[in-house]
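**Student:** Whatever this is, show me its structure:
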Amino acid sequence: MFVLGLLGYLYKRDTKILDGIVRETFARKEKEIIDNNIALLEAGYKYAEQHIHFQFEVPATPSKVAMMTMNGNTADRIRFHRCRF
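**Tutor:** Down below sits the predicted model:
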């Protein structure tokens, strides 16, 4: 989470959005775990504010085609189910 906060600063991301993502990701965990991850996120952001003197701005551009997001496990399952042995 520290690195997520650092990257959030580098890419000029709103801390409220990052906070929401962390809370959503850890929603099923205990409050202490959520609070610790939020603290790490904030620490990374503050560290970057104090030690990194540049930022990037990458504007969002809408896609003209439908896109899908998946992790490696999901991609592997799709590949496995399509294989014929």
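
**Student:** where do the helices sit along the protein?
**Tutor:** Here the chain has its helices, by DSSP state H, at 2-10, 15-25, 31-51, 72-82.

**Student:** Looking at the ones you listed, which is nearest to Thr61?
**Tutor:** When the helices of the chain are compared for distance to Thr61 using CB to CB, the nearest one is helix 15-25, at 17.8 Å. C-betas here are computed from N, CA, C, even on glycine.

**Student:** Can you point out the buried residues in that closest one?
**Tutor:** Neighbour-count burial for helix 15-25 flags 18-19, 22 (criterion: 16 or more other CB atoms under 10 Å).

**Student:** same deal with stretch 41-49?
**Tutor:** Within stretch 41-49, the residues scored as buried using 16+ other CB under 10 Å are 41-42, 44-45, 48.

**Student:** and those residues as JSON lines, adding distance to Phe26 and pLDDT?
**Tutor:** Formatted as JSON lines, the buried residues of stretch 41-49 follow (distance: CB to CB, whole Å; pLDDT from 0 to 100):
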{"residue": "Leu41", "distance to Phe26": "11", "pLDDT": "97"}
{"residue": "Glu42", "distance to Phe26": "15", "pLDDT": "97"}
{"residue": "Gly44", "distance to Phe26": "16", "pLDDT": "97"}
{"residue": "Tyr45", "distance to Phe26": "17", "pLDDT": "97"}
{"residue": "Ala48", "distance to Phe26": "22", "pLDDT": "97"}
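
**Student:** Out of those, which comes closest to Phe54?
**Tutor:** Distance to Phe54, by CB to CB, is smallest for Ala48 among the buried residues of stretch 41-49, at 10.1 Å.
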